[in-house]
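S.K.: model the structure of this input:
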Amino acid sequence: MTFPFTAIVGQDEMKLALLLTAIDPGIGGVLVMGERGTGKSTAVRALAALLPPIRAVRGCPVNSAAPEDVPDWTGLAERVVETRPAPVIDLPLGATEDRVTGALDIERALVDGVRAFQPGLLARANRGWLYIDEVNLLEDHLVDLLLDVAQSGENVVEREGLSIRHPARFVLVGSGNPEEGELRPQLLDRFGLSVEVTSPREIETRIEVIRRRDGYERDRAGFLAQWAPAEAALRDRIVAARAALGGVAAGNAALYDCAALCIALGSDGLRGELTLLRAARALAALEGAAEVTRDHLRRVAPMALRHRLRRDPLDEAGSTARVARQIAEVLP
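M.R.: Residues are numbered from 1 along each chain as shown. Purely as a prediction, here's the structure:
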């Protein structure tokens with residue numbers, strides 16, 4: 001039983017970023033950086049319980065949506081589509097490459113003499129979420145592997161006499177403490193949204209955090225029952241926003257604002273504009289708006305752009321302050 005997402009106190013930007021990627025996984029995932037004890041892992045695991053279920057073939061290790069999509073190597077004879085929770089898979093720092101990508105099933109090879117594939121974490125995360133805590137401490141060879149899979153949407157395993165391919169499309173969510181090191185730029189660029197979290201400074205907020213956590217620890221069943229209506233209402237909003245997403249318009253004015261802001265910030269490439277637009281459209285869908293407005297762009301711009309800025313040795317302001325300054329000038 002996880003702590004309810006709607007019961008998390010404060011950390012509004014982090015919660016909004018996670019909700020936007022739940023509405024539109026194409027945004028590209030979320031990076032949450034901040035000091036320990038700020039609810040990063042709690043929020044991700046709470047969202048897992050909130051996500052609407054998916055339709056997938058029973059027993060399929062890659063969560064195939066239809067019987068014809070099931071890979072031949074699975075050997076599934078009965079292919080019945082059922083409803084199951086959206087997969088949210090943890091990738092631990094000490095994981096081996098075999099555990100992540102999959103490898104030869106040693107037990108079946110020894111017992112039955114059969115060369116069979118044992119799926120890894122990437123297979124289980126397909127059509128779901130892959131969560132990496134302390135992502136800035138991830139080993140370089142796993143970073144390279146994730147970059148390849150994120151680019152292609154496919155996991156390829158060719159070793160030990162195996163030649164296996166399977167879809168591996170997931171929302172990548174990472175969290176970490178910036179004091180323990182920075183992410184490689186290539187991996188940082190793969191996150192659609194970036195959020196900075198800190199401990200609350202207001203005593204009333206800290207008291208409410210303590211009160212809710214204490215209530216959860218003392219009577220989990222009662223606490224979950226208390227927050228169940230709010231969780232159900234938010235889940236319904238996510239489902240409604242997903243359905244409305246395709247109909248949310250983005251006029252020329254919104255496109256111009258996206259480009260002008262990214263030019264003013266000097267962000268590299270066009271990924272910033274595209275992510276900014278997708279996040280703003282998801283926010284509009286969440287709020288029931290028919291069109292992306294400048295207000296939507298202003299609210300999502302910091303999380304979409306702060307990690308895409310070039311370092312400026314002449315500007316001592318942090319990336320969040322630089323984005324806020326340009327928002328005020330370009331999107332008044």
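S.K.: from here on, just use CA atoms for contacts and neighbour counts.
M.R.: Fine.
S.K.: find the nearest non-adjacent residue to Asp98, please.
M.R.: Leaving aside its sequence neighbours, Asp98 sits nearest to Gly120 (Cα to Cα, 6 or more residues apart in numbering; 7.0 Å).
S.K.: so the one you found makes contact with Ala95?
M.R.: No: using Cα atoms under 8 Å as the test, Gly120 is too far from Ala95 to be in contact (10.4 Å).
S.K.: these two: who's more crowded?
M.R.: More neighbours surround Gly120 than the other of Gly120 and Ala95, with 18 against 13 (other Cα atoms under 10 Å).
S.K.: residues contacting that one?
M.R.: 98-103 (Cα atoms under 8 Å, 6 or more residues apart in numbering).
S.K.: looks to me like Asp144 is in a helix.
M.R.: Yes: under DSSP: H, G, I helix; E, B strand; the rest coil, Asp144 falls within a helix.
S.K.: do you have the strands of the protein handy? List them.
M.R.: 30-34, 54-57, 81-84, 88-90, 102-104, 117-119, 128-133, 154-159, 162-167, 170-176, 193-197 (DSSP state E).
S.K.: run through who's touching the third one.
M.R.: I take that to be strand 81-84. Contacts for strand 81-84 (Cα under 8 Å, 6+ apart): 53-58, 65-67.
S.K.: pairing partners for that strand, with directions?
M.R.: The sheet places strand 81-84 alongside strand 54-57 (antiparallel), with pairing taken from DSSP bridges.
S.K.: quick one: the strand it pairs with to chain centroid distance?
M.R.: Relative to its chain's centre, strand 54-57 lies at 20 Å (Cα atoms, centre = their mean, to the nearest Å).
S.K.: give me the number of residues near Arg310?
M.R.: Residues near Arg310, counting by other Cα under 10 Å: 12.
S.K.: then Glu329?
M.R.: 11.
S.K.: any regions of this structure where pLDDT drops low?
M.R.: Scanning the chain with the threshold set as pLDDT under 70 gives 105-115, 160-161, 311-318.
S.K.: per-domain residue ranges of it.
M.R.: Listed domain ranges for the chain are 5-197, 252-330 (source: automatic domain parsing).
S.K.: tabulate the ones you listed in CSV, adding columns for distance to Ala225.
M.R.: Shown next, in CSV, are the domains of the chain (distance: least, Cα to Cα, whole Å):
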stretch, distance to Ala225
domain 5-197, 12
domain 252-330, 25
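S.K.: ranges for the helices of the protein?
M.R.: 12-23, 40-50, 97-101, 106-111, 121-125, 140-152, 185-188, 203-218, 220-245, 252-265, 271-286, 294-305, 319-330 (DSSP state H).
S.K.: now those helices as TSV including distance to Val197?
M.R.: Output for the helices of the chain, formatted as TSV (distance: least, Cα to Cα, whole Å):
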stretch	distance to Val197
helix 12-23	7
helix 40-50	8
helix 97-101	28
helix 106-111	43
helix 121-125	26
helix 140-152	23
helix 185-188	17
helix 203-218	14
helix 220-245	22
helix 252-265	22
helix 271-286	19
helix 294-305	11
helix 319-330	12
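S.K.: which one of those lies nearest to Trp73?
M.R.: helix 121-125 (12.6 Å; Cα to Cα).
S.K.: got the strands of the chain as a markdown table, with distance to His296 and mean neighbour count columns?
M.R.: Output for the strands of the chain, formatted as a markdown table (distance: least, Cα to Cα, whole Å; neighbours: other Cα atoms under 10 Å):
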| stretch | distance to His296 | mean neighbour count |
| --- | --- | --- |
| strand 30-34 | 18 | 24 |
| strand 54-57 | 28 | 20 |
| strand 81-84 | 33 | 14 |
| strand 88-90 | 28 | 20 |
| strand 102-104 | 41 | 20 |
| strand 117-119 | 41 | 20 |
| strand 128-133 | 25 | 23 |
| strand 154-159 | 33 | 16 |
| strand 162-167 | 33 | 16 |
| strand 170-176 | 22 | 24 |
| strand 193-197 | 15 | 24 |
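S.K.: okay if I get these as TSV plus distance to Ala321?
M.R.: Shown next, in TSV, are those (distance: least, Cα to Cα, whole Å):
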stretch	distance to Ala321
strand 30-34	16
strand 54-57	39
strand 81-84	42
strand 88-90	32
strand 102-104	43
strand 117-119	44
strand 128-133	26
strand 154-159	37
strand 162-167	39
strand 170-176	21
strand 193-197	12
